[in-house]
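Colleague: Predicted structure and sequence below. I'll ask about it afterward.
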Amino acid sequence: MRGLSLLSVNPLSRTSLPGGGVTLGALALVFWVIGLTMASIGHIHNLGLITVLGWPYFVALALLSLGVVLELQRDELAPRRLIALIAAFVVVLFGTSSALVPVATITDSYIHMGFVGYIAHHGHVLNNYDARFSWPGAFALAASVLAFTGQSSALVFLRWFPVVIELAYLAPLLVIARKSGVSKRASYLGIVFFYVGNWIYQDYFSPQALNFFFFLVVVATVLSLWSPLTSAPSERSLAARWNATLRSLRPVRWGGHETVASFGAARTLILSAAVMIIVWASTVSHQLTPYLIVLALGGLLLTRRLGRPEMVVGAAVLTWAWISLGASAFWAGSLSRIFGSFGHVSASLNANVASRVVGSSSHHFIVETRIASIAVLFVLAVVGALRRSTDDRALEFLTAAPFLTLVAQSYGGEALLRATLFALPFAGLLAASAFAPRADGSIAAWITSGQARQWPRAASTAGLAFVVLAFAIVFTLDRGGNDDYQAYTRGELNATNYVYDHIAPGQTMGLEAPFLPVGQTGLSVDVDYASNGSGMSVTKLASRLLRLNAPYVVLTTSQERWGVVVEGYPIGWQRQVRADLLNDGYTVVAHWPTATVYQKN
Amino acid sequence: MNGALVRDFFRNSSWNYSHGGPTLVLVITIFALLFIRVGATTRTQPSPRFLRFINGAIVVACVVFTVLIYARFVTLVS
């Protein structure tokens, strides 16, 4: 089969632009800043962040896409330039929301801020308050940073946290890409695919954001420490491939003997110990990540990229020991929360996919676009897996393994999202291999490229830049799709702070839905919601809000927008709720343009 | 094996415990065994007999660890 290689370097090609792609990157940042000054978050519409971004933002994306592709087509790759361009891409993709919103997005980031504040002020966790306190490592770390920096509140960390943590991911991603066995050009393109595909928004101020970093560092270190013991190129017949697969089940493979250490014994031991310390930190910091680390380590052992089976055993023991001892407050008396849905894959998928495709037509469109963009990336990953020659199948395993968690449980309807996130770095590298597959390796490609067709330089540049740009634009739509009701205003933050200043411990703050900056202080205050996520009418929602009998109720623009976008309520639906509150004896005690606080007389 | 019988066994027998001491001791034991294995195989070529012994010890420790974890689950849940 005659193959296509969009990143085959044309020997006649030379980029004539002074500074190459970096010049385009610098220009892109100028356009991005212009775009930020032109945008007003107050004019956001149903489709979210993308509706307030003007043409300069998209010019910036186009210049960055073109810049990366031009750099990838140089005869000699310039790593520093590529890293600078990818970093610029990260700042534009993940920093736009942070730059435009007056306060941090996502309710959970404020709740986590409250946990951090509690530990900082009391020196210990609050038992039996919230399941997340059973994995307090990340909160305790943030509390330490809080004390170290002399801040009185973690609010200062929240707004720009996504950009900082995404930039932190870049270092282990570069190592993973370099050591994963894909071609050099595919390694950088794969990282770009990871970022433009990562609309999943798990990078807000949260333990999972930090633990994803831990996960990447663990995988990067293991990939650096061991290479596969390669043999002569294998035969390409189906029977030969099947026999090779069966060989992975031999004890010699599970003993880690089919690997070659990249460093001396002392360095290998020190780095292995460092990995175990990181695993330990992860087991006390997050519910899900340690299991994915165990899966990844097991897969790396199976695919001849881990020379120490002890690490798999150690990671599994640490994970189970913590849930048995440290986190018992979470599951004692309610084990079905953990294992009740074991094996119910279809129910898990329904909770993860079907239940999300609800609400207005715009919300449908965003959710379907999210699903489609991930599907396209994974289809490209399959093509890349078929096209590439390699020495091991670690990337394929690491891409597939996170989805095994769906068998265990739905993780509150988020397991598919989390599994996708953990698969994305490796899927990105495989997807990049669809464009620039490695040609040599002991495991032959399923689809050989043969004499790759040399595309005209302009066509290959434009084609690949278009693919990257399309992903980047869809990313902007997908990631910012909820910002219409999850990007909060300063008035909304002031409203909840007002309630926290006046409410008595043990009393309840009533809300229509969990889309407000709450939880940042006062863990002794209950926050209760009228919505239960089941799609009720406005009348029923108002009735349930009154039944909460909360001394304070906060109505905001974000909750109004949630009703329109997610529940499909008519514009202005909150008027009925306001009237019902006033008829029930509530009065307005504080008001901002985007928030009103009601108090029961 | 009947699940209720297993639960009753852990609930009513001396295996029933309410603190993590035994599990913690076992975690330390497993890690000690892992360290010994890593140390023995890093610079030297240990005898097959020693390897069989240390591997067996790790497997036995892990099985006991699993039983203790299960005991902890059923006693705290029930």
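Modeller: Right, received. Where do you want to start?

Colleague: who touches the residue lying closest to residue A:139 once chain neighbours are set aside in this structure?
Modeller: Using Cβ to Cβ, 6 or more residues apart in numbering or on different chains and skipping the chain neighbours, the partner closest in space to residue A:139 is residue A:115 (4.6 Å). Quick note: C-beta positions are derived from backbone N, CA and C, even for glycine. The contact partners of residue A:115, by Cβ atoms under 8 Å, 6 or more residues apart in numbering or on different chains, come to A:125, A:130, A:132, A:133, A:136, A:139, A:523.

Colleague: can we see that at 10 Å?
Modeller: Residues near residue A:115 by Cβ atoms under 10 Å, 6 or more residues apart in numbering or on different chains: A:125-126, A:129-130, A:132-133, A:136, A:138-140, A:142-143, A:154, A:207, A:519-520, A:523.

Colleague: Residue 65: what's it in contact with?
Modeller: You didn't say which chain, so I picked chain A. Per Cβ under 10 Å, 6+ apart, neighbours of residue A:65: A:21, A:24, A:28, A:85, A:89, A:192, A:196, A:464-473.

Colleague: if you could check chain B rather than the one you did, that'd help
Modeller: Applying Cβ under 10 Å, 6+ apart to residue B:65 gives the contacts A:316, A:317, A:320, A:321, A:324, B:22, B:23, B:25, B:26, B:27, B:29, B:30.

Colleague: Return the residues in contact with the first one.
Modeller: So the one you mean is residue A:316. Residues in contact with residue A:316 (Cβ under 10 Å, 6+ apart) are A:279, A:290, A:291, A:293, A:294, A:295, A:297, A:298, B:30, B:62, B:65, B:66.

Colleague: just the buried members of those?
Modeller: Taking 16 or more other Cβ atoms under 10 Å in any protein chain shown as the criterion, what is buried in the contacts of residue A:316 is A:279, A:290, A:291, A:293, A:294, A:295, A:297, A:298, B:30, B:62, B:65.

Colleague: From the residues you listed, which land in helices?
Modeller: Of the positions in these, A:279, A:290, A:291, A:293, A:294, A:295, A:297, A:298, B:30, B:62, B:65 sit in helices, assigned by DSSP state H.

Colleague: export the residues you listed to JSON lines and tack on pLDDT and distance to residue A:184?
Modeller: Listed next are those as JSON lines, based on pLDDT from 0 to 100; distance: Cβ to Cβ, whole Å:
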{"residue": "A:279", "pLDDT": "97", "distance to residue A:184": "30"}
{"residue": "A:290", "pLDDT": "96", "distance to residue A:184": "33"}
{"residue": "A:291", "pLDDT": "94", "distance to residue A:184": "33"}
{"residue": "A:293", "pLDDT": "97", "distance to residue A:184": "28"}
{"residue": "A:294", "pLDDT": "97", "distance to residue A:184": "31"}
{"residue": "A:295", "pLDDT": "96", "distance to residue A:184": "28"}
{"residue": "A:297", "pLDDT": "97", "distance to residue A:184": "26"}
{"residue": "A:298", "pLDDT": "95", "distance to residue A:184": "29"}
{"residue": "B:30", "pLDDT": "95", "distance to residue A:184": "41"}
{"residue": "B:62", "pLDDT": "93", "distance to residue A:184": "41"}
{"residue": "B:65", "pLDDT": "89", "distance to residue A:184": "44"}
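
Colleague: Please give me every residue in contact with residue A:83.
Modeller: Residue A:83 touches A:170, A:171, A:174, A:188, A:191, counting by Cβ under 10 Å, 6+ apart.

Colleague: Name the residues of the host helix or strand of it that are buried.
Modeller: For residue A:83, the element it lies in under DSSP states H and E is helix A:79-100. Within helix A:79-100, the residues that count as buried by 16+ other Cβ under 10 Å are A:81-82, A:84-86, A:88-100.

Colleague: In chain A, which residue sits nearest chain B?
Modeller: Going by Cβ to the nearest Cβ, chain B is nearest to residue A:325 of chain A, at 3.8 Å.

Colleague: pLDDT wise, what is that residue at?
Modeller: For residue A:325, the model assigns a pLDDT of 81.

Colleague: cool, and residue A:409?
Modeller: Reported pLDDT for residue A:409: 66.

Colleague: and what of residue B:73?
Modeller: Looking at residue B:73, its pLDDT is 73.

Colleague: any idea of the mean pLDDT for the helix holding residue A:83?
Modeller: The pLDDT scores in helix A:79-100 average 97.

Colleague: so where is chain B shaky, pLDDT-wise?
Modeller: B:1-20, B:74-78 (pLDDT under 70).
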